[in-house]
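[1] Sequence plus predicted model, see below.
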There are 2 protein chains.
Amino acid sequence: MIAVPTISVENYLKAIFSLQKDGEERVKTKAIAESLDVSLPSVSGMIKSLADDGMVEYEPYRGVRLTKKGKKTALRVIRNHRLIEVFLVQTLGYSWDEVHNEAERLEHAVSDTLVARIEAFLGFPRFDPHGDPIPTADGELHRREMMTLGDASSGMHLKVERVLDQTPEVLQYLDRVGLRPGASCRVVEVLAFDGQMFLDIDGQQLPISATLAAKLLVTELDDDSERDTGRDDVQAVDRS
Amino acid sequence: MIAVPTISVENYLKAIFSLQKDGEERVKTKAIAESLDVSLPSVSGMIKSLADDGMVEYEPYRGVRLTKKGKKTALRVIRNHRLIEVFLVQTLGYSWDEVHNEAERLEHAVSDTLVARIEAFLGFPRFDPHGDPIPTADGELHRREMMTLGDASSGMHLKVERVLDQTPEVLQYLDRVGLRPGASCRVVEVLAFDGQMFLDIDGQQLPISATLAAKLLVTELDDDSERDTGRDDVQAVDRS
DNA sequence: GCCTTTTATTAGTCTTGCCTAAATTTCTGA
DNA sequence: TCAGAAATTTAGGCAAGACTAATAAAAGGC
Ligand SMILES: [Mn+2]
Ligand SMILES: [Mn+2]
Ligand SMILES: [Mn+2]
Ligand SMILES: [Mn+2]
């Protein structure tokens, strides 16, 4: 009897995975509780059960770290989530601010073979609509170090790679001003005292708060490369 | 706080719905237990909770009947299930023997808006790949009285409308011999002592047991109408 | 109409996953 | 260093949904 992870277990593993940014640091109980909106004792209880199942290493009061097995399970769920997001956008015309909640439930209900078919149907996309990388079927996840827009300085020419916020309001706003993965922009000015930025995107002047800038991951662009061009490694998001 | 039905509750309601063929007869505890492969006390317990929620009328030892509310919920889940089946066949190239198990889980995870989009994307199909009718968003289900193939007699010219069995083996066999919804055939002979039938389909002679014949719903065809033609009211199932 | 078989319910238990309140450990800052 | 604050675990409960064993009702056979 192989014990299939419950929806709750899958959500905990996913949360732990994304909270332990690199693979080293231990994730605190409080962080998990906030991420999943459950009480601290609920997390303590689940942690013990995950440790019993060999999903996490656990040292009381010190936090948890995913084991190989836990990481594999988390990556499977994340893979499901991101492929479902791409599929909903590409096939059913969903916009990128609508897919997250839908995928949050479907990720637990799809079979491995359904996800594999979706992946093939989509032509093996490498990123989801928010620029998040898609793990392969055997649990490989290509992760790149990137700076946030907030870390950029005046004059830099940037390409938007990824959005770290899933709230519909933020995504709708970013879409409206053109800050989608693949878009490029130039930093015109950064106010030293509050981090307020002014971007040039498509010839338009665009003010961006430090708060919002922290949620965008970007890469620096050579100054001689073309501007405002989609990436070939990201699914184009057509939402005219 | 509106209490969203759990997966378990949805499965019970769906089972009760399909066991109460017309809307009148009361469904027995034993039938539900067998249909869902759970123990009799589990069913007794769930029935009481469904009755408390106003999903069923319940008279101890006499069985249950869905209320309006229970029927509505059941039909929503059945609608989800059948539209998902069509979608998997049409969009991802699933065959009709693969879709049932996948849909059995997805039916509980899709939102009403996702299902509505799927329905529109597919062009508002009226039947699923097995010929089962698809309830509308407001809970209408067009049900027709039909005879089974087993009820047919020698010489009758028939159209296959619906398959009542979801097991992959049966569906694969039916597909192989061409007995899909939309196909037509003629009854050549019926053996009186065991109900064994011999059909003419596409000029081929085909023996069908009484057991299998009981699982096919058919309608009688005028003798002057064309033979072996797809129905326009059923999604074509292309599985060459 | 009784007696046996079948069906159904009740009683009691278990697991999962959540909660609040209380106790405990760790962290932090004066 | 050490007291108060913050984080964590323990204790104890609850609800859903499954189970087995025991009891009760309904149905069938003669
Ligand atoms: Mn989820
Ligand atoms: Mn995403
Ligand atoms: Mn189901
Ligand atoms: Mn079907």
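    Cool, the structure landed. Keep in mind that what you see is a predicted model, and the values were worked out from it rather than measured. Ligands and ions are numbered 1, 2, ... in the order given.
[2] only C-alpha atoms for contact and neighbour calcs from this point on.
    Fine.
[3] so where do the strands sit in chain A?
    Along chain A, counting by DSSP state E, strands occupy A:56-59, A:63-66, A:147-148, A:157-163, A:184-190, A:197-201, A:204-208, A:216-220.
[4] Now render the ones you listed as a markdown table, adding mean pLDDT and mean neighbour count.
    Listed next are those as a markdown table, based on pLDDT from 0 to 100; neighbours: other Cα atoms under 10 Å in any protein chain shown:
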| stretch | mean pLDDT | mean neighbour count |
| --- | --- | --- |
| strand A:56-59 | 97 | 18 |
| strand A:63-66 | 97 | 24 |
| strand A:147-148 | 95 | 18 |
| strand A:157-163 | 97 | 25 |
| strand A:184-190 | 96 | 22 |
| strand A:197-201 | 96 | 20 |
| strand A:204-208 | 94 | 14 |
| strand A:216-220 | 96 | 22 |
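[5] For ligand 1, which of the ones you listed is the nearest?
    strand A:63-66 (17.7 Å; Cα to the ion).
[6] what sits up against that closest one?
    Contacts to strand A:63-66, defined as Cα atoms under 8 Å, 6 or more residues apart in numbering or on different chains, come from residues A:13, A:16-17, A:20, A:23-29, A:47, A:55-58.
[7] Next one: A:Tyr173 from chain B, what distance?
    Distance from A:Tyr173 to chain B, counting by Cα to the nearest Cα, to the nearest Å: 23 Å.
[8] same question, A:Glu189
    43 Å.
[9] ok, that residue - contacts?
    Applying Cα under 8 Å, 6+ apart to A:Glu189 gives the contacts A:Ser153, A:Ser154, A:Gly155, A:Met197, A:Phe198, A:Leu199.
[10] ok, now with 7 Å
    A:Ser154, A:Met197, A:Phe198 (Cα atoms under 7 Å, 6 or more residues apart in numbering or on different chains).
[11] And for A:Thr113, the neighbour number?
    10 (other Cα atoms under 10 Å in any protein chain shown).
[12] For ligand 1, state which of the contacts of strand A:63-66 is nearest.
    Nearest to ligand 1 among the contacts of strand A:63-66, with distances taken as Cα to the ion, is A:Leu13, at 10.1 Å.
[13] Find the nearest non-adjacent residue to that closest one, please.
    A:Ala74 (5.2 Å; Cα to Cα, 6 or more residues apart in numbering or on different chains).
[14] Is the one you found in contact with A:Tyr12, as I believe?
    No: the pair A:Ala74 / A:Tyr12 is not scored as a contact, 8.6 Å apart, by Cα atoms under 7 Å.
[15] Of the two, give the one with the bigger neighbour count.
    Between A:Ala74 and A:Tyr12, A:Ala74 has the larger neighbour count (other Cα under 10 Å), namely 25 against 20.
[16] Identify the residues contacting that one.
    Counting by Cα under 7 Å, 6+ apart, A:Ala74 touches A:Glu10, A:Leu13, A:Lys14, A:Phe17.
[17] Where does pLDDT dip in chain A?
    For chain A, applying pLDDT under 70 flags the ranges A:1, A:223-240.
[18] how is it carved up into domains?
    A:7-66, A:78-139, A:147-220 (automatic domain parsing).
[19] so how far does the last one reach from one end to the other?
    With Cα to Cα, to the nearest Å as the measure, the first residue of domain A:147-220 is 9 Å from its last.
[20] One more: the second one?
    Its start and end residues considered, domain A:78-139 measures 10 Å (Cα to Cα).
[21] What is the neighbour count of the residue in chain A that DNA strand D sits nearest to?
    Scanning chain A for the residue nearest DNA strand D gives A:Lys30, at 3.2 Å (criterion: Cα to the nearest atom of the strand). For A:Lys30, the count of nearby residues is 15 (other Cα under 10 Å).
[22] what's the answer for A:Arg180, then?
    Around A:Arg180 there are 24 other residues, counting by other Cα under 10 Å.
[23] Phi, psi for it please.
    phi -100, psi 160 (degrees, to the nearest 10).
[24] residue in chain A nearest to ligand 1?
    A:Glu104 (3.9 Å).
[25] Nearest residue to that residue in space, please, no chain neighbours.
    Once flanking residues are discounted, A:Glu104 sits nearest to A:His81: 6.6 Å by Cα to Cα, 6+ apart.
[26] Tell me who's in contact with the one you found.
    A:Ala103, A:Glu104, A:Glu107 are the contacts of A:His81 under Cα under 7 Å, 6+ apart.
[27] List just the nearest of those to A:Val43.
    Relative to A:Val43, the closest of those is A:Glu104; by Cα to Cα it sits at 19.4 Å.
[28] ok, back up a step: minimum distance to A:Ser95: which of the strands of chain A has it?
    Set against A:Ser95 and scored by Cα to Cα, the strands of chain A come closest in strand A:157-163, at 14.3 Å.
[29] which residues are contacting stretch A:172-179?
    A:Asp97, A:Val160, A:Arg180.
[30] With just CA atoms, put that stretch into CSV.
    C-alpha atoms of stretch A:172-179 as CSV (Å, rounded to 0.1, in the frame of the first residue of the first chain):
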residue,chain,number,x,y,z
GLN,A,172,-4.1,43.2,-13.7
TYR,A,173,-2.1,46.4,-13.0
LEU,A,174,1.1,44.9,-14.3
ASP,A,175,-0.7,43.7,-17.4
ARG,A,176,-2.2,47.1,-18.0
VAL,A,177,1.1,49.0,-17.8
GLY,A,178,2.9,46.3,-19.9
LEU,A,179,5.2,44.8,-17.2
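[31] ok now it, how far from the chain's centre?
    With Cα atoms, centre = their mean, to the nearest Å as the basis, stretch A:172-179 stands 17 Å off its chain's centre.
[32] Could I get the buried residue list for that stretch?
    A:Leu174, A:Asp175, A:Gly178, A:Leu179 (16 or more other Cα atoms under 10 Å in any protein chain shown).
[33] isn't A:Leu19 right next to A:Val27, touching?
    Yes: the pair A:Leu19 and A:Val27 passes the contact test of Cα under 7 Å, sitting 6.4 Å apart.
[34] Those two - which one has more neighbours?
    The residue with more neighbours, out of A:Leu19 and A:Val27, is A:Val27; 21 against 18, by other Cα under 10 Å.
[35] hang on, that one packs against A:Gln20?
    Yes: under the criterion of Cα under 7 Å, A:Val27 makes contact with A:Gln20 at 5.9 Å.
[36] Helices of chain A, residue ranges please.
    Per DSSP state H, chain A carries helices over the ranges A:7-19, A:29-36, A:40-52, A:68-92, A:99-106, A:112-121, A:168-177, A:210-213.
[37] for the ones you listed, which one ends up most surrounded?
    helix A:68-92 (a mean of 22; mean count of other Cα atoms under 10 Å in any protein chain shown).
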